[in-house]
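*Asks:* here's my sequence, what's the structure:
(2 chains)
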Number of protein chains: 2
Amino acid sequence: MPTRTIVVLGGAQAGPAAAIAARQADPDARILLLERARHVAYAAGALAYRLSGEVTRNRVLGGGADRLSRAHRIEVRLGVEAQTIDAARRRVVLAEGAVSYTSLVYALGAESPIPAVDGLGDSRNVFRFRTLGDLEGIQRRLRQGARRVCILGGGFFGLEAADGFLRRGCEVTLVERRSRLLTRFTERTARLGRQALERAGAHVFTGARVVAVDCRDGDVCALRLAGGRRLSTDLVVAATGLRPRTALLAEAGARVHEDGSLAVDARCATSLPRIYGCGACVAVPHAVSAQPIWFAQAAEADRTAQVAGANAGGGRVALQGTLGSAVVRVGDITLARTGLTGREARSFAGDRFASVAVDVPSCEPFFPSATPLHVELFFELRKGRILGAEVAGRSGADKRSDVLATAICAGMTVQQLAGMDLAYAPPFSTPRDAVNIAAGAAFARLARAGGE
Amino acid sequence: MPTRTIVVLGGAQAGPAAAIAARQADPDARILLLERARHVAYAAGALAYRLSGEVTRNRVLGGGADRLSRAHRIEVRLGVEAQTIDAARRRVVLAEGAVSYTSLVYALGAESPIPAVDGLGDSRNVFRFRTLGDLEGIQRRLRQGARRVCILGGGFFGLEAADGFLRRGCEVTLVERRSRLLTRFTERTARLGRQALERAGAHVFTGARVVAVDCRDGDVCALRLAGGRRLSTDLVVAATGLRPRTALLAEAGARVHEDGSLAVDARCATSLPRIYGCGACVAVPHAVSAQPIWFAQAAEADRTAQVAGANAGGGRVALQGTLGSAVVRVGDITLARTGLTGREARSFAGDRFASVAVDVPSCEPFFPSATPLHVELFFELRKGRILGAEVAGRSGADKRSDVLATAICAGMTVQQLAGMDLAYAPPFSTPRDAVNIAAGAAFARLARAGGE
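*Replies:* You can find the predicted model right below:
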């Protein structure tokens, strides 16, 4: 007899990861994974790379349901959608009856709504960019000859999608309502992203709002922007206004934050007994500010899935604070960030907030592969603790961002980082690495301001 | 009138860096740089990359004496060698008279002796691989048709030289006395280096001793190894038995360690008044063990030069402990390391020593550029503190090593590292990065051994 029944809702990435972690924690449990769509256990973060042609379908899919079932003895039910959750009686109610659980893992992710513009929601060539199903719809259109793509949303997901379409040779237009792209980055770093996008051939409109669409045969054939501009298109991708899919659990009584994200503790337990949350729908405490923050990144989804799954399986695992680390490839450059954003750091540190920006070579300037790196550090005056960082460049941005993530996680100061011993050889770095130089500039600022 | 006279001995890399740091600390000082050879202020670590043809001469040279003089008002004297240092009277004695100093920076570096084999020392096609002068001699021979190169020494410098010659199309034979290459790495990681070298076409002999040489017209034409093997060659490069050039200062009474390296404190002050040491000749305290360690790496030379120069100029700057971080490119792979070596960590931690090795993908396995990474961690049982690490792979080894360097510098535990939030996107990493996976394996070991 199984010791317990663990039900997992959501099958894209976090759900399966949690189910596997639960299996590792409890070899005897009955584990049931419910997914409304036709695919499970795929790298949701890989859609753009499948689109670009760099990744082949089967490799993104991994083994899907088969692998979960064979390798981990997880029962997978596809095409099944939970109607309600009855936390008091520990049941998930489906159209075809109820399933009882000992513990429940909620991993329904996040969704991009189609903007509320007449004709957009019911056109057949308008897609989200979240699931393998979305990708299949887009690919069908591309095979049928679609070439002009309009992407709504200039955040991480919009830019990743734009990059994928550009590499595939599509004509890409990106439309962002706000005055600039990538608002988690500073204006200067975000501009490097926009420039890279434009160098790769994209048309970019910021401060632009879609007010109407022209349709033909059930398809959108043009977007109309406030101000009168008309953008002809074969395909529309909505990658804007991402929001957590938490309504089902909120209706069951779970605590959610103002932005709709699910509140969980360090064990990824929700406010309801025996219900754990993970993936792109939960908010996790920030390592620096301790405030819960929500950002739907795949690595964060996986981190929470490990914890939620293990605890649902009877383990006692705690989540470390998040750093909000993220990296995106846009044309020929990479943008990476970690820790508090500039805006968050300013609000966290108040009048002790300071920042520096440096432009330095990625490796020895005399080495042929050297390219410029833009590094920004957000830090506290006086003690000099690093709060956040962003790095942009053709090569080595991900490396510096991860070094800075580690430093932030450990509570290091800019002084420590300035003098820290990193590995040097001409193809990889400069004797004083980009991180040392940026931290040195921060330390100089600190010294001028009378820090320690 | 200048406030003080700062004399810097040694002009390759650390000397000029110290002189510039001294200038920043004291805008009014007279600063005098003495160098026995014809070149100053070049990237000594770049010789192999100049050899390979990747780097052009002028870019390695930077601006040399001209730049030091014009941009930093440093008097440069070339072809000048100090005979003695009179610490009591604060004078450096040269063949052409004495120079008085207010403070002295000693940066005479390290040298590879030519092994004591009859005929080797006085042959004209036997070179060291330390200075631009050495490189010029080698390049002259290559232009004259030399094609077969024997390199003595299988440490960092020998491998870097081998890589340069191989990329230039030479036939390379590497001879190492010890039973294996790269003894600062574990046997397993070092083997990856050897395999890469052999894949690139090199012949490698370990446990091999040169006992005699055959000469023709003043050149070595073959090396004879113990056991009878004869290696025909057009050129011999000695990159073995590196030792610090500290005799001059030791004769003046300065304290040196058993290995001949110069003892300095955290301000890079030697045991003699107003004499600072920096560069490839000094030993610096290790960040983990606090023991002074000597290893002649360019980044370490630069770090000490910053400190010695600033303090010689009246500043008060302290050096952070070193991590022994290093990276070397060998054929198609990169080997990087940081913190205590496996051997050092074992001796430091005693029966609390533990290590793990994992082989993981550098980025999403479904992404075309994914390649295997070999990661080894040395750590303490119980608390789980990371003591050292090494990483080898075709891509991303330098990144993981620098992340681990930061973690070691901050005193992080394997548990913290296992759950740390690093930036993820398919071209750059896996949702759980190589570092997380390696640290997770270490934490599992810790848990089995009854750690925290």
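
*Asks:* pLDDT below threshold where in chain A?
*Replies:* In the prediction, chain A carries residues with pLDDT under 70 at positions A:1, A:57-63, A:451-452.

*Asks:* burial count for residue A:217?
*Replies:* Residue A:217 is surrounded by 8 other residues when neighbours are defined as other C-beta atoms under 10 Å in any protein chain shown. Heads up, the C-betas are built off the backbone N, CA and C, glycines and all.

*Asks:* surely residue A:321 and residue A:286 touch.
*Replies:* Yes. Under the contact definition of C-beta atoms under 8 Å, residue A:321 touches residue A:286, with a separation of 5.7 Å.

*Asks:* so how far is residue B:238 from the residue nearest the centre of chain A?
*Replies:* Within chain A, one residue has its C-alpha closest to the average C-alpha position: by C-alpha atoms, centre = their mean, that is residue A:297, at 2.3 Å. Summarising the geometry, the distance separating residue A:297 from residue B:238, computed by C-beta to C-beta, to the nearest Å, is 52 Å.

*Asks:* what's the answer for residue A:418, then?
*Replies:* The gap separating residue A:418 from residue B:238 is 37 Å, by C-beta to C-beta.

*Asks:* secondary structure element for residue A:211?
*Replies:* Assigned by DSSP states H and E, residue A:211 belongs to strand A:210-216.

*Asks:* what does residue A:345 give?
*Replies:* Residue-wise, residue A:345 maps onto helix A:342-349 under DSSP H and E.

*Asks:* give me the buried positions along that helix.
*Replies:* Taking 16 or more other C-beta atoms under 10 Å in any protein chain shown as the basis for neighbour counts, the residues of helix A:342-349 that come out buried are A:342, A:344, A:345, A:346, A:348, A:349.

*Asks:* same question for stretch A:186-194.
*Replies:* Of the residues in stretch A:186-194, those buried under the neighbour-count criterion (16+ other C-beta under 10 Å) are A:186, A:189, A:190, A:191, A:192, A:193, A:194.

*Asks:* now swap in stretch A:291-309 and tell me
*Replies:* A:292-309.

*Asks:* more neighbours, residue A:418 and residue B:238?
*Replies:* Set side by side, residue A:418 and residue B:238 give different neighbour counts by other C-beta under 10 Å, the larger being at residue B:238 (27 against 22).

*Asks:* state the distance from the more buried one to residue B:13.
*Replies:* Computed as C-beta to C-beta, the residue B:238 to residue B:13 distance reads 20 Å.

*Asks:* also residue A:260?
*Replies:* If you measure residue A:260 against residue B:13 using C-beta to C-beta, the figure is 56 Å.

*Asks:* ditto for residue A:415
*Replies:* Residue A:415 sits at a distance of 24 Å from residue B:13 (criterion: C-beta to C-beta).

*Asks:* more neighbours: the two, which one.
*Replies:* Summary of the neighbour comparison: residue A:415 and residue B:13, criterion other C-beta under 10 Å, with residue B:13 having more neighbours (25 against 20).

*Asks:* neighbours around the residue lying closest to the more buried one once chain neighbours are set aside, how many?
*Replies:* Once flanking residues are discounted, residue B:13 sits nearest to residue B:44: 4.8 Å by C-beta to C-beta, 6 or more residues apart in numbering or on different chains. Using other C-beta under 10 Å, the number of residues around residue B:44 comes to 22.

*Asks:* now for residue B:44: which residues touch it?
*Replies:* By C-beta atoms under 8 Å, 6 or more residues apart in numbering or on different chains, the residues touching residue B:44 are B:12, B:13, B:109, B:130, B:131, B:132, B:298.

*Asks:* whichever residue of the stretch 151-300 of chain A sits closest to chain B sits in which helix or strand?
*Replies:* When scored by C-beta to the nearest C-beta, the stretch 151-300 of chain A has residue A:299 as its residue closest to chain B, at 3.5 Å. Remark: residue A:299 resides in helix A:298-312, with elements defined by DSSP H and E.

*Asks:* beyond that helix, next helix or strand please.
*Replies:* Using DSSP H and E, the helix or strand that follows helix A:298-312 towards the C-terminus is strand A:326-330.

*Asks:* and the closest residue to residue A:318 other than its chain neighbours, what does it touch?
*Replies:* With C-beta to C-beta, 6+ apart as the measure, residue A:266 is the residue that lies nearest to residue A:318, at 4.5 Å, once sequence neighbours are left out. Applying C-beta under 8 Å, 6+ apart, one finds that residue A:266 lies in contact with A:285, A:318, A:319.

*Asks:* scan the residues you listed and report the most crowded one.
*Replies:* Within the contacts of residue A:266, most neighbours by other C-beta under 10 Å means residue A:319, with 23 neighbours.

*Asks:* can you tell me how far that residue is from residue A:404?
*Replies:* With distances taken as C-beta to C-beta, residue A:319 is found 21 Å from residue A:404.

*Asks:* is chain B within reach of stretch A:410-425?
*Replies:* Yes. For a cut-off given as C-beta under 8 Å from any C-beta of the partner chain, stretch A:410-425 has contacts with chain B, namely A:410, A:411, A:412, A:416, A:417, A:419, A:420, A:421, A:422, A:423, A:424, A:425.

*Asks:* got the phi and psi for the second one?
*Replies:* When read as degrees, to the nearest 10, the backbone of residue A:411 gives phi 70, psi 30.

*Asks:* again with the fifth one
*Replies:* Phi and psi for residue A:417, reported as degrees, to the nearest 10, are phi -70, psi -30.

*Asks:* quick one, what contacts it?
*Replies:* Contacts of residue A:417 were listed using C-beta under 8 Å, 6+ apart, and they are A:386, A:404, A:407, A:435, A:436, A:439, B:406.

*Asks:* mind checking the end-to-end distance for stretch A:72-86?
*Replies:* In terms of C-alpha to C-alpha, to the nearest Å, the two terminal residues of stretch A:72-86 are separated by 27 Å.

*Asks:* what's in contact with it?
*Replies:* Counting contacts by C-beta under 8 Å, 6+ apart, the residues outside stretch A:72-86 that touch it are A:8-9, A:11, A:16, A:19-20, A:23, A:30-40, A:65, A:68-69, A:91-96, A:98, A:104, A:106, A:248-249, A:251-252, A:275.

*Asks:* and if we set it to 7 Å?
*Replies:* Stretch A:72-86 has contacts (C-beta atoms under 7 Å, 6 or more residues apart in numbering or on different chains) with A:9, A:19-20, A:23, A:31-36, A:38, A:40, A:65, A:68-69, A:92-95, A:248-249, A:251-252.
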